[in-house]
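K.L.:
Just the structure for this:
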Amino acid sequence: MLYMDLEYRKGVLFVRLDGNLTRKNTYKLNNYLTPVLLKHRIKFLVYNLFSVIKVDESGIDSLLRTKHAIKSNHGSIYLCEVPDHLKKEVKRLRIKETDTELSALDILKV
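P.N.:
Just a heads-up that it's a prediction; the model follows:
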């Protein structure tokens with residue numbers, strides 16, 4: 001199961017994921033989140049991965065899709081609070097990382 005908490009604050013969409021980001025659950029990002037990003041032309045996205053237990057190839061692909069949606073809106077994407085057991089998988093995404101959501105807000109200066 002994957003839970004997704006969305007919060008839009010100061011021009012930044014915060015997405016807090018909780019659970020397994022696997023093939024079974026990636027439809028939530030692909031079918032709900034990516035169209036929202038494109039429709040509303042959201043430029044700044046911060047993923048909080050603190051509660052993510054497992055990520056597979058489909059999960060990586062869905063994160064890449066949201067990365068491309070943000071790039072098409074000429075924006076920036078950040079990952080924060082990435083657990084140590086996911087660092088290796090997430091490193092391949094080439095997405096900037098920050099320690100906390102607040103530090104991402106400071107970097108974005110929105």
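K.L.:
List the buried residues for the helix or strand of the chain with the lowest mean pLDDT?
P.N.:
The least trusted helix or strand in the chain, going by mean pLDDT, DSSP states H and E, turns out to be helix 87-91, with a mean of 84. Residues E89, V90 are the ones in helix 87-91 that count as buried (16 or more other CB atoms under 10 Å). To be clear about C-beta, it is placed using only N, CA and C from the backbone, and glycine gets the same treatment.
K.L.:
Each with direction, which strands does the helix or strand following it pair with?
P.N.:
Later in the chain than helix 87-91, the nearest helix or strand by DSSP states H and E is strand 96-98. Using DSSP bridges, strand 96-98 pairs in its sheet with strand 76-80 (parallel).
K.L.:
tell me which element the residue nearest to the spatial centre of the chain falls in.
P.N.:
What sits nearest the mean C-alpha location of the chain, by CA atoms, centre = their mean, is Y47, with 3.4 Å. Secondary structure assignment for Y47, by DSSP H and E: strand 44-55.
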